[in-house]
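J.: Just need the structure, nothing else, for what follows:
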Amino acid sequence: MAQNLGRASLLALALLACRSHTREETFLAARIPVARLDSVLATADSVRLPLADARALLEVVAECGFAARAPHDTMTGAEVVAWAHAERARKEQANAAAQAAERVRQDSVRRLLEPLLAVTVVKKTFLPKDPASEQYEDYISLAFAYHNAGTKAIRAFQGDATFLDAFGDSIYSAHLKVDMPLAAGQTRREPARIVRYNPFRVAHQRLRDTPLEKMKLVWQTSDVLFADGDRLSLTAPQDTP
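T.: Alright, predicted model coming up:
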């Protein structure tokens, strides 16, 4: 009896496989109006397409204006799948080209930004909590000085400050936005910046305990807004409507 059940199960699986294969062949041979291409998804639900084909179909149909890019007004399921793969490959190639172009642009901007600003830390102080003065948390005070080494006046800028120890390992890093006009060749010091001290953060512990003379500050400018309205930025420019 067990042998008969096994044969029946195998026969049922074979019938299901044949039925699924038939549905797939029907789907691939059927001609579909491109204007109703989204109906492909509903039809494909009952078809066991390879995962790569299903993903390609989903990506194409999910995009706005996909019908306008289709090569024909009507296409068979097989043609739709092939076109979906081609669209996916085209998109990946376009994305790769755009990313490569952006890397080239960023490298060019980085070379222009690098010599513009010199940033130094002139003072570091630990400020323990003092309830009598209504200071209920510990703070680290950092005073920065900025030098415009370029030939154009700067209105504002931002970048990343990283503190290194004697071995070149990172102690602490922070992103700074500085809204401070700097004439060409000018050096200005700003009021101290306050870091709320967290005793459970190793970076805060090392920043507090390492003497200033034993730290090196590495500054990387990411964005400069000049007084004349020009701008240099590592961030890709946004298209304006």
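
J.: can you give me the strands for this structure?
T.: For the chain, strands defined by DSSP state E occupy the ranges 31-33, 74-76, 117-127, 139-148, 154-164, 170-178, 187-189, 193-196, 216-226, 231-233.

J.: How far off centre is the third one?
T.: Between the mean C-alpha point of strand 117-127 and the mean C-alpha point of its chain there is a distance of 30 Å (Cα atoms, centre = their mean, to the nearest Å).

J.: what pairs with that strand, and is each one parallel or antiparallel?
T.: strand 139-148 (antiparallel) (DSSP bridges).

J.: Give me the average confidence score over the strand it pairs with.
T.: The average pLDDT for strand 139-148 rounds to 96.

J.: list the buried ones in that strand?
T.: Neighbour counts over strand 139-148 (16 or more other Cβ atoms under 10 Å) mark 139-140, 142, 144, 146, 148 as buried. Yep, even glycine has a C-beta here, placed from its N, CA and C like the rest.

J.: Output it as PDB, nothing but the C-alphas.
T.: Taking Å, rounded to 0.1, in the frame of the first residue of the first chain, the C-alpha atoms of strand 139-148 are listed here in PDB:
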ATOM      1  CA  TYR A 139      31.000  68.400  29.000                       C
ATOM      2  CA  ILE A 140      34.100  68.600  26.900                       C
ATOM      3  CA  SER A 141      34.800  72.000  25.500                       C
ATOM      4  CA  LEU A 142      36.700  72.300  22.200                       C
ATOM      5  CA  ALA A 143      37.800  75.700  20.700                       C
ATOM      6  CA  PHE A 144      38.600  75.700  17.000                       C
ATOM      7  CA  ALA A 145      40.400  78.200  14.800                       C
ATOM      8  CA  TYR A 146      39.800  78.500  11.000                       C
ATOM      9  CA  HIS A 147      42.200  79.900   8.400                       C
ATOM     10  CA  ASN A 148      41.100  80.700   4.800                       C
END
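
J.: I'm done for today, thanks for sticking with me.
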